[in-house]
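>>> predicted model and sequence follow; I will ask about them next.
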Amino acid sequence: MIYFDNSATTKPDKEVLETFNKVSENYFFNPASPHAKGIEADKLLESAREQIRKLLKLEKQSVVFTSGATESNNLILTGMARAKKQFGRTIITTKLEHPSVLETVRALEGEGFIIQYMRFKDDGKLDMEHLEGLLTSDVILIAMMHVNNVMGAILPVAEVAERIAGYPKIHFHVDCVQSFGKVPLQTEGVHSFSLSGHKFNGLKGQGLLVFSQLKTITHTVFGGGQEYGFRSGTVNVPSDVALSRAMRLTLDDYEMQRARLYQMKGEIERYVKQFPGIRLNSHHDGAPHIVNLSFTGVKGEVIVNAFSKRDIMVSTTSACSSKRAKLNETLTALHVPDKAITGSIRISLSKHNTAEEVHRFNEVFREIYEEVEELLEK
Ligand code: PMP
C-alpha cells in the first residue's frame, strides 16, 4: 500500500509508540496525586513540557497539552473572544481555515461577535490592503493558519504580525498544524499557536496550545484545574511524553526531510503537468508535502477510488470536509474554478514515503488518466 494522505494523518513513529507504551506501563500514575509515584509522573510530565519549550525555542509562553488542534483552536478562540468582548466584537480570519477554526468563529457569531474574512488576490496571495481596511479599533482577535491543509499554501504570518503590531488589543492566533516540521515556524508577534501530534508521526489525540497570555483568558473547561486551570481533566502523561518525542524526532532531521519532500513533490508536479486537462492547483514554493491537482470535468471521488483500487491512498479535498457536498471553501477562496474544484485531489507526503513510491504513483497516474481522458475538459 502507498499512503499519500499524510495531511489527514501520519503513521506513528516506532519510537513514539515505544515511549507511549513504556510510560503507560511505568508511569500510569495520576500526576496530580500527592504520593511519591504521582510526583514522579508529574516530574516526567514537566520535563516533557520543558523539552517542548526548548525545541520550540520558547521564552515566556506556556505550553498546554490538549487532545488535538481542534481542541486547542476551540479553547483559544472561544476563551479569548469572551475575555476580550468588552474591548471589541470583531474577529478576523480566512475562509481557508480548518473547520475547528471556521465553525468556532461561526458559533461565536451566534454570541454577537462579528466575523470578517481576509481576502486572497487572483494569484492566491493574501490581500494585505484588504486586511488593512479590516483593522478597526473593534478588532480583538485574528486567527489564521500558517500552512493550508488542502493546497499547501503558506500564509504570510510574519507580515500579518508586523501589520497588527500597533494594535495591542488584538490577540493573534496561528494554526501551525500543517507547518510544524515542514516549514520554519513563525512565532514573532504571534500570541498563541496550535499543533497536532498525529500530523508529524505522533499519535492521534495529542495536541498543544502554546500561549503567551494565559492569565487573560476566559476558561471554558471546568474541573480539577489541570494545565494551569485552563484545560481540566486528568493529564495523559504517556501521550504528552510521546508527543515531545515525536517533536524531537521531527526536528532532528528536519532539513533533510524537507529537502526530500520537495524533491518528491517536484517529481509528481513535473510528471502530471505534461497531461492536457490536468490543472496543478498547488504551487511548488508552497509547503513541501502537499500537491493539489484537478482532473477538470471528472469528479475527484472517482479519481480517488481509482487510485484506491490500485492500493494508493490519496484524498479529495481534505478528510475533514470531503463528506460534505458543498464546494471546498479553500479552493473557492483561492479562485480555483468550480469545475476544477469538484475534480480536485490532494496528494500529501511524509518522511516515510520514498522515491520508488512516487515513481509507482506516476505510473498509476498515467493509467488512470488514460481511462478518463475522453471525459476531461482540455
Ligand atoms: N488545523 C489544521 C490545519 C488541520 O489540518 C487539522 C487536522 N485535519 C486540524 C487543525 C485539527 O487537528 P486535530 O486532528 O488534532 O484535531
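That came through, no problem.
>>> and the helices in the stretch 1-150 of the chain, which stretches?
Here the stretch 1-150 of the chain has its helices, by DSSP state H, counting those that start in this stretch, at 14-26, 36-55, 69-83, 99-109, 128-134.
>>> for Thr218, which of these is the nearest?
helix 69-83 (4.1 Å; CB to CB). Quick note: C-beta positions are derived from backbone N, CA and C, even for glycine.
>>> got the angle for that closest one vs helix 99-109?
Counting by axes from the mean of the first three to the mean of the last three CA atoms, to 10 degrees, helix 69-83 lies at 30 degrees to helix 99-109.
>>> which helix or strand contains the closest residue in space to Leu55 that isn't next to it in sequence?
Once flanking residues are discounted, Leu55 sits nearest to Met247: 5.3 Å by CB to CB, 6 or more residues apart in numbering. Per DSSP states H and E, Met247 falls inside helix 237-252.
>>> format the CA atom coordinates belonging to that helix as CSV.
The C-alpha trace of helix 237-252 is given here as CSV (Å, rounded to 0.1, in the frame of the first residue of the first chain):
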residue,chain,number,x,y,z
VAL,A,237,1.2,11.7,30.8
PRO,A,238,2.2,8.9,28.4
SER,A,239,0.7,10.7,25.5
ASP,A,240,2.3,14.0,26.4
VAL,A,241,5.7,12.5,26.8
ALA,A,242,5.3,10.6,23.5
LEU,A,243,4.4,13.9,21.9
SER,A,244,7.6,15.5,23.0
ARG,A,245,9.4,12.5,21.5
ALA,A,246,7.6,12.9,18.2
MET,A,247,8.5,16.6,18.1
ARG,A,248,12.2,15.9,18.8
LEU,A,249,12.3,13.2,16.1
THR,A,250,10.7,15.6,13.6
LEU,A,251,13.1,18.4,14.3
ASP,A,252,16.2,16.1,14.4
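>>> quick one: low-confidence ranges for the stretch 201-350 of the chain?
318-325 (pLDDT under 70).
>>> at which residues are the strands of the stretch 151-300 of the chain located?
171-175, 192-196, 207-211, 278-280, 290-295 (DSSP state E, counting those that start in this stretch).
>>> winner for burial among those?
Comparing the strands of the stretch 151-300 of the chain by mean neighbour count (mean count of other CB atoms under 10 Å), strand 192-196 ranks first with a mean of 29.
>>> near the ligand, which residues of this protein?
With CB under 6 Å from any ligand atom as the criterion, the chain meets the ligand at residues 68-70, 98, 100, 145, 149, 175, 177-178, 196, 207, 320.
>>> before we move on, the earlier item: other residues contacting the helix holding Met247?
With contact meaning CB atoms under 8 Å, 6 or more residues apart in numbering, helix 237-252 is reached by 12-13, 15-17, 19-21, 23-24, 27-29, 31, 41, 44-45, 48-49, 51-52, 55-56, 65, 180-181, 197, 200-203, 205-206, 208, 257.
>>> could you identify the buried members of those residues?
Listed as buried from the contacts of helix 237-252 are 12-13, 16, 19-20, 23, 27, 29, 31, 41, 44-45, 48-49, 51-52, 56, 65, 180-181, 197, 200-203, 206, 208, 257; burial here means 16 or more other CB atoms under 10 Å.
>>> give me the buried positions along stretch 29-42.
29-31, 40-42.
>>> which other residues reach it?
With contact meaning CB under 8 Å, 6+ apart, stretch 29-42 is reached by 27-28, 44-45, 224, 226, 234-235, 237.
>>> show me how far it is from its chain's centre.
Stretch 29-42 sits 33 Å away from the centroid of its parent chain (CA atoms, centre = their mean, to the nearest Å).
>>> returning to that earlier point: between the helix holding Met247 and strand 207-211, how many degrees?
80 degrees.
>>> and the most centrally placed residue in the chain, backbone torsions?
What sits nearest the mean C-alpha location of the chain, by CA atoms, centre = their mean, is Val177, with 2.7 Å. Main-chain dihedrals, Val177, degrees, to the nearest 10: phi -60, psi -50.
>>> can you tell me which two in the buried residues of stretch 29-42 are farthest apart?
So for the buried residues of stretch 29-42, where distance means CB to CB, the most widely separated pair is Asn30 and Glu40, at 11.2 Å.
>>> what pairs with the closest residue to Lys273 other than its chain neighbours across the strands?
Setting aside the residues directly before and after it, Lys273 is nearest to Leu280 in space (CB to CB, 6+ apart), at 6.1 Å. Beta-bridge partners recorded for Leu280 (DSSP bridges): Leu293.
>>> make 52 the starting number, not 1.
Renumbered: residue one is now 52, and that last one reads Leu331.
>>> thanks a lot, see you next time.
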